[in-house]
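In: predicted model and sequence follow; I will ask about them next.
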Amino acid sequence: MKVSTFAVKLWRWSSMLAFAAVLTYAYTSFDQTLAVHFTPERRPDAFLERDVLFYGCVAIFLLNNTLINLLAKLFPRIPNGSLPVPNRAVWAAHRQQLNELAENWFYALMAAINTVMTITLWVLSDLNKQLGDSALSGFQWLLPVCTLIFATVILSLPIRLMMKPNREE
């Protein structure tokens, strides 16, 4: 197993475990209703029932992991002539390497979504603990970090496909 494959699988499984742990923690720490949107004055103005958030997060998690896993398993079945990649002829000659690259990318995308959901739930939990505190802040980093995670994962596959396949060993 290659180091990149191991790293992606480790990230995928740890993101699943972290999501389950944070979701359980958040669910037990939330009141029956929780603030999900705040005014510029840092006052909550939109609320959601705890159960709705919990079941919504579980549904997104299951859909994400099921559908992306299905795509990862179906990619190797695409005929060489229909591959949606640049340098199709070159990559078709190195199909096993392309399949591994695509599978790793799908799993990294799955892990990225799980990671962003985990971080967001953690921040939401912390914000709801701070309700009533006049210094409700400290989470301005959330959007740039989540954007960076998604941009890194999404752009990594097209950039790698523009390069030539590695020499077979």
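Out: Ah, there it is. Numbers count the residues shown, from 1 in each chain.
In: just the C-alpha atoms of stretch 2-22, please, in CSV.
Out: Extracted in CSV, the C-alpha atoms of stretch 2-22 (Å, rounded to 0.1, in the frame of the first residue of the first chain):
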residue,chain,number,x,y,z
LYS,A,2,1.3,3.4,-1.0
VAL,A,3,1.8,6.1,1.6
SER,A,4,-0.8,8.4,-0.1
THR,A,5,-3.4,5.6,0.0
PHE,A,6,-2.7,4.9,3.6
ALA,A,7,-2.9,8.6,4.5
VAL,A,8,-6.2,9.0,2.7
LYS,A,9,-7.7,5.9,4.3
LEU,A,10,-6.5,7.0,7.8
TRP,A,11,-8.0,10.5,7.2
ARG,A,12,-11.3,8.9,6.0
TRP,A,13,-11.7,6.6,9.0
SER,A,14,-10.6,9.2,11.6
SER,A,15,-13.0,11.8,10.1
MET,A,16,-15.8,9.3,10.4
LEU,A,17,-14.9,8.5,14.1
ALA,A,18,-14.5,12.2,14.9
PHE,A,19,-17.8,13.1,13.3
ALA,A,20,-19.6,10.4,15.4
ALA,A,21,-17.9,11.6,18.6
VAL,A,22,-18.5,15.3,18.0
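In: buried stuff in it?
Out: Across stretch 2-22, burial judged by 16 or more other CB atoms under 10 Å covers 8, 9, 11, 12, 15, 16, 18, 19, 22. Using the backbone N, CA and C atoms, a C-beta is placed for each residue, glycine as well.
In: then stretch 71-86?
Out: Buried, per 16+ other CB under 10 Å, within stretch 71-86: 72, 75, 83, 85.
In: for it, how far is the first residue from the last?
Out: With CA to CA, to the nearest Å as the measure, stretch 71-86 spans 19 Å from end to end.
In: quick one on the thing from earlier: can you list the buried residues of stretch 2-22 in a markdown table and add pLDDT and secondary structure?
Out: Converted to a markdown table, these look like this (pLDDT from 0 to 100; DSSP: H, G, I helix; E, B strand; the rest coil):
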| residue | pLDDT | secondary structure |
| --- | --- | --- |
| 8 | 95 | helix |
| 9 | 95 | helix |
| 11 | 97 | helix |
| 12 | 96 | helix |
| 15 | 97 | helix |
| 16 | 97 | helix |
| 18 | 97 | helix |
| 19 | 97 | helix |
| 22 | 96 | helix |
